[in-house]
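A.B. asks: predicted model follows, preceded by the sequence.
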Amino acid sequence: MMADYTVRDQVAVIELDNPPVNALGSAVRAGIYDGIRKADRDPNIKAVVICGKRGTFCAGADIREFDGGKNGPWITDIGDFIDNMKKPVVAAIEGFALGGGLEVALFCHYRIALKTVRVGQPEVQIGLLPGGGGTIRLPRATGLKNALDIITTGNHVPAEKAAKMGIIDQIVTGDIIEEGIKFVKSKCNIDTSLVCLRMKTVKYSGDLDDISEAAMTKVKSKFKGAIAPIVCVKSVINSAKMPYEKGIDTEKEHFQDLRHSSQSKAMRYAFFAERAITRWQLPSGGNYKTAKPLPVKTSGVIGAGTMGGGIALCLITSGIPCILVEQNQQFLDKGLEIVKAQLMRTVQLGKLSTEQAKKCFTMLKPTTNIEDLKNVDLVIEAVYEDLKLKREIFEKLDRICKSETILCTNTSSLHIDSIATATKRQSKVVGTHFFAPSYIMKLLENIYGTKTSAETVATVMKLGKTIKKVPVLVGSCTGFVANRMLKPYSEEAQYCLEEGSTPSIVDTVLMDFGMPIGNFQVSDLSGLDIGFRIKREAARKAGVELSKNSRFFLGQRNCGLIEKLYEAGRMGKKNGKGWYKYESLNGKPIVDPEVTMLIEEHCRSLGIERRNIGSQEILERMQYAMINEGFKILEEGLCTMAEEIDVIWIYGFSWPKYMGGPMYYASQIGLKKIYEKVCYYHKTFPYSMHWVPSSLLAKLSQIDLPLSEWGDVAQGRKLVNKL
Ligand SMILES: CC(C)(COP(=O)(O)OP(=O)(O)OC[C@H]1O[C@@H](n2cnc3c(N)ncnc32)[C@H](O)[C@@H]1OP(=O)(O)O)[C@@H](O)C(=O)NCCC(=O)NCCSC(=O)C[C@@H](O)CCCCCCCCCCCCC(=O)O
């Protein structure tokens, strides 16, 4: 049994024991169930303490069991039994009580916790609702409003706040089991039915239908396209509408439906993908197990633009002092204003108190003197994308900084070696690619160069976690993984325009799929000048003319629409006109007939016949082109597992988690179908190199292998011809 049963001083102590987080697998559920029945039967036992081993209570149901196979008692059987016990039962909580873990605690007559504890019902984040009575019992403990908030967001609640909310009865210090025994013994003379949550009514103020409607509206706009938050609201409302038993039965039905839903399966995949990618390895053999991160106690950022300012903010809000360097006082002042404004916003959102924000700001040391960086542990360069400039900076940093300092570049496309070779410490140079807005977006694409050491990688991977990002390690190539995959995706979007579609049609298709924002809206946000400059730079490097009227550029299909919009002064949202027009800086995109005319004129002048392009074709062309690129990335060993690509898209480009990421999506469609379509589009559009089928995709389309093994095939760790 995975719950230890011992007796101390006439109190039965049931300790959950399932490493690493005491997940409530079937054996643990059986262990608790057997334990409480044994304690109830034994006349020498006066009370029960339920707690967890290894410093934590329980992180909820064992998510790996959700795909079926193992049974065991249903979790609410435990609650039903405790509800009828005369002997008091206390949950003695340390670490986490999450999901089913909190539900077990809510079955108990009392809950005590250490101050450092966090409780929560995070099921919604894996596409579920609490299925062990959480939606019915939590509102009885804390009222409808708090329960709705906790269950629909999945956010963790710190112990002291949970105590104020009525979820925890007492905060304790010291040994949690000793405290549990002491506490529960003091309750032996109290009638347990008086404290049993089943018996309580749900508190709320106002009209239940109004509360329900407001909560529905909120979750529908906040979690667009996701089913679970809606079901969570329904079930929590049921707690006030239905008798206890009916509420519990309905909750269980909802849980089972969601457990089998494609959204929850995708989100469960994403949960484990996020953990799998922490097990990084370098081609040289260094890996997460063997490499030790260096401490980063002080840092520096070069460039106080929006990107650099945001990065500095990530550092100081995580407690790492930062020296922010700009080339002159005017730029520095502007940068500081950006940081201040962002900090204010954080205060407004309630994420930091005014005091905390002020303290953070004192950790920022602005300067125009790069020499001030000489003693910092790590520097992140965030100047604009110009190789010559970046090399100059790295050469300087190499001279100035102490020999241990790690030098990071926030380049979004340049090879790491092309920058590292400007220094004599290539092993300490690494890419740390943040995504705009850098303070908000969670992805941190860490890129190793040929000589980057495992110690340097371990340091930036750890730093990523410290500054609350999701760090993913990738190899170096033009655009790395994120932008390299984005290229075919947005190129196909533009080709669809010149073949007959419009920016708003394309964007609507993407948003209907679940993307929070369309391709052309993103382009307007980043600025069309960026796309234009990248193309102009590519032309300059290749020594060719960039012609907006040529259908070919560098031997490939070309769409000159960006050049034409740029020439027409359409820079994007910043000047109120790009692929759309905008009435203000915060305004919504409005379809602009001028753009439609411009596209039509572009087609006329080039003799391109426009046609109706269906949503399916738009989606397929954008996504399959990008997925094909993903397989090439795996094939080239730039990622070691498909999960890395999915996490990059979820956290870098807000791919809906309930769709798992592009590689997971491909696995659901079937690689055979994807491969056939890629071949078809390759035949149809022979001048778009991104349609050349990936040989890994071709290989995998012939066999049926789970996504978790695609990387192994690509790396030769699994030989498919020998399967
Ligand atoms: C707890 C954390 C906050 C800890 O974070 P930390 O950063 O410290 O560590 P990691 O996240 O890296 O985790 C370490 C390690 O542990 C694994 N892990 C964590 N939690 C779980 C878990 N709940 N289940 C399984 N494994 C877990 C994690 O994967 C890591 O290992 P890896 O090898 O991958 O590196 C953080 O981990 C966290 O947030 N965890 C998840 C918390 C959560 O989401 N909890 C809710 C779970 S869902 C739930 O509880 C549902 C309940 O409401 C209802 C239960 C009803 C009944 C259950 C029985 C149904 C079974 C179906 C039977 C089918 C039979 C049939 O019909 O066929």
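C.D. replies: Cool, got the structure. Numbers count the residues shown, from 1 in each chain.
A.B. asks: report pLDDT for the residue positioned nearest the centre of the chain.
C.D. replies: What sits nearest the mean C-alpha location of the chain, by C-alpha atoms, centre = their mean, is residue 651, with 4.6 Å. At residue 651, the pLDDT value in this model is 98.
A.B. asks: list the contacts of the residue of the stretch 251-400 of the chain found nearest the ligand.
C.D. replies: Shortest the stretch 251-400 of the chain-to-the ligand distance, computed as C-beta to the nearest ligand atom: residue-wise this is residue 275, at 3.6 Å. Placement of C-beta: from N, CA and C, glycine included. Going by C-beta atoms under 8 Å, 6 or more residues apart in numbering, residue 275 touches no other residue.
A.B. asks: surely the residue nearest to the centre of the chain is in contact with residue 442?
C.D. replies: Yes: counting by C-beta atoms under 8 Å, residue 651 touches residue 442, with 4.3 Å between them.
A.B. asks: in the helix or strand harbouring residue 269, what's buried?
C.D. replies: Residue 269 belongs to helix 262-276 when elements are defined using DSSP states H and E. Neighbour counts over helix 262-276 (16 or more other C-beta atoms under 10 Å) mark 263, 264, 265, 266, 267, 268, 269, 270, 271, 273, 274, 276 as buried.
A.B. asks: repeat that for stretch 350-370.
C.D. replies: In stretch 350-370, residues buried by neighbour count (16+ other C-beta under 10 Å) are 352, 357, 360, 363, 364, 365, 366, 370.
A.B. asks: quick one: which of those sit in strands?
C.D. replies: The members of the buried residues of stretch 350-370 that map onto strands under DSSP state E are 364, 365, 366.
A.B. asks: want to try a markdown table for those residues, with pLDDT as columns?
C.D. replies: Output for those, formatted as a markdown table (pLDDT from 0 to 100):
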| residue | pLDDT |
| --- | --- |
| 364 | 97 |
| 365 | 97 |
| 366 | 97 |
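A.B. asks: so where do the helices sit in the stretch 551-700 of the chain?
C.D. replies: Taking DSSP state H, counting those that start in this stretch, the helices of the stretch 551-700 of the chain run over residues 561-567, 593-606, 615-635, 642-652, 662-669, 671-684, 695-700.
A.B. asks: can you tell me what sits against the second one?
C.D. replies: Residues outside helix 593-606 that contact it (C-beta under 8 Å, 6+ apart): 497-498, 502-503, 549, 551, 560-561, 564-565, 568, 570, 577, 579-581, 608-610.
A.B. asks: the fourth one too?
C.D. replies: By C-beta under 8 Å, 6+ apart, the list of residues contacting helix 642-652 from outside reads 269-270, 272-274, 276-277, 435, 441-443, 445, 469-470, 472-474, 481-482, 485, 630, 633-634, 639, 655, 657, 660-664, 707-708, 710-711.
A.B. asks: next one: stretch 123-131 to chain centre, how far?
C.D. replies: In terms of C-alpha atoms, centre = their mean, to the nearest Å, the centre of stretch 123-131 is set 16 Å apart from its chain centre.
A.B. asks: count of neighbours near whatever residue of the stretch 551-700 of the chain ends up closest to the ligand?
C.D. replies: Going by C-beta to the nearest ligand atom, the ligand is nearest to residue 643 of the stretch 551-700 of the chain, at 10.8 Å. Look at residue 643: counted by other C-beta atoms under 10 Å, it has 27 neighbours.
A.B. asks: write out the residues of the stretch 101-250 of the chain neighbouring the ligand.
C.D. replies: Residues of the stretch 101-250 of the chain lying close to the ligand by C-beta under 6 Å from any ligand atom are 103, 122, 123, 126, 128, 130, 131, 132, 134.
A.B. asks: reformat those residues as CSV; add pLDDT.
C.D. replies: Formatted as CSV, those follow (pLDDT from 0 to 100):
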residue, pLDDT
103, 98
122, 98
123, 98
126, 98
128, 98
130, 98
131, 97
132, 97
134, 98
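A.B. asks: for residue 415, see how far away the residue lying closest to residue 689 once chain neighbours are set aside is.
C.D. replies: Counting by C-beta to C-beta, 6 or more residues apart in numbering, residue 556 is the residue found nearest to residue 689 once chain neighbours are left out, at 5.5 Å. Distance, residue 556 to residue 415, using C-beta to C-beta, to the nearest Å: 21 Å.
A.B. asks: neighbour-wise, which of these two wins?
C.D. replies: Between residue 556 and residue 415, counted using other C-beta under 10 Å, the more crowded position is residue 415 (18 against 13).
A.B. asks: which parts of the stretch 351-500 of the chain are helices?
C.D. replies: Taking DSSP H, counting those that start in this stretch as the criterion, the stretch 351-500 of the chain carries its helices at 354-362, 387-400, 416-420, 454-466, 482-499.
A.B. asks: reformat these into TSV and put mean pLDDT and distance to the ligand next to each item.
C.D. replies: TSV is the format used below for these (pLDDT from 0 to 100; distance: least, C-beta to the nearest ligand atom, whole Å):
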stretch	mean pLDDT	distance to the ligand
helix 354-362	93	23
helix 387-400	97	33
helix 416-420	97	28
helix 454-466	98	9
helix 482-499	96	23
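A.B. asks: make a markdown table from those helices and add distance to residue 44 to it.
C.D. replies: Shown next, in a markdown table, are the helices of the stretch 351-500 of the chain (distance: least, C-beta to C-beta, whole Å):
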| stretch | distance to residue 44 |
| --- | --- |
| helix 354-362 | 51 |
| helix 387-400 | 71 |
| helix 416-420 | 68 |
| helix 454-466 | 48 |
| helix 482-499 | 63 |
